[in-house]
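Visitor: need a structure here:
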Amino acid sequence: MGLFGMILTAVLAAVLLAIIIVKYLPLKLRWIASILLMALSVFLIYKIYYGIMQPIIFNKQKVTKFAKVVNQLKIIRDAEVKHLEVLGRYTKNKDSLIRFIDSAQVALTETKTIVEKEDRGGGIIIDVEIRKTDTIGYESVAKYFEGRNYKDMFKVPGQEGKEFDIEIGTVEKVQGLIVPTFLVKTDKEGILKGMDKSLIKQELEAVATDQIKGEFVSVGSLDEVSNGGNWPPSYDKQKGDKKE
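Guide: Numbering: from 1, shown residues only. Sure thing, here's the model as predicted:
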């Protein structure tokens, strides 16, 4: 029963009780009815307050839960991006991705613009600018994850034993150019388990720009080249790991 239904029921009950008091209840027993009316009034006030505050409380708790999940997804995303940068592909092997962070190195490059002479023939020599990229060293991938708990990045916060789902694929960005893709996700319903069911149902159908749309919290895409998350910018301002 919704808030309006509860209020209507309480009002009808109060009216019915008042009629009974006036028509049928002896004067000496009306103090009992007064107590009942007072109790009904308190109940009605509580229900109105709870009906107003419940969505507010739900949204506050929801954001707190989702922020922890988003933080984990950002770590996984950054790990996948580094994996692509170093090895040229994404991976869905969770243990392998953790080992990659522990042991892999990423090349440090420097790009310079140099000017070379080009003989066009007939005595015409022009200056041509060429961009040249050189490897100047290497550094550990783990350096990019200092202060971040990447060892547990696949665990969904608040759900014992639950891990994020990872998928990888490819898309044809332009004709003949095949690009790798990845998607990491977990369902909202599991994150919000134990909260108000009607409000959870509304959350799973969320489409507003300031909400996490759909039934999942996710990062990446299998249908397009993207490593963005499906959360709104407000979640990027949440307090999380030291490095994002």
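
Visitor: what helices or strands is the helix ranked longest in the chain leaning on?
Guide: If you go by DSSP state H, the chain has its longest helix at helix 30-87. Applying 3 or more Cβ pairs under 8 Å, 6 or more residues apart in numbering; DSSP states H and E, one finds that helix 30-87 makes contact with helix 3-23, helix 94-103, strand 105-121, strand 177-187, helix 188-191, helix 197-204, strand 216-221. Using the backbone N, CA and C atoms, a C-beta is placed for each residue, glycine as well.

Visitor: one more time with 6 Å
Guide: The contact analysis (3 or more Cβ pairs under 6 Å, 6 or more residues apart in numbering; DSSP states H and E) places helix 30-87 against helix 3-23, helix 94-103, strand 177-187, strand 216-221.

Visitor: weakest of the ones you listed by average pLDDT?
Guide: Ranked by mean pLDDT, those end with helix 3-23 in last place, scoring a mean of 65.

Visitor: Can you give the domain ranges for this structure?
Guide: 3-52, 53-237 (automatic domain parsing).

Visitor: average pLDDT for the longest helix of the chain?
Guide: Rounded mean pLDDT across helix 30-87 is 86.

Visitor: what angle do that helix and strand 216-221 make?
Guide: Interaxial angle of helix 30-87 relative to strand 216-221 (axes from the mean of the first three to the mean of the last three Cα atoms, to 10 degrees): 20 degrees.

Visitor: how far off helix 197-204 does helix 30-87 point, in degrees?
Guide: 30 degrees.

Visitor: Which of the domains of the chain has the highest mean neighbour count?
Guide: domain 53-237 (a mean of 14; mean count of other Cβ atoms under 10 Å).

Visitor: what's the straight distance from one end of that domain to the other?
Guide: 25 Å (Cα to Cα, to the nearest Å).
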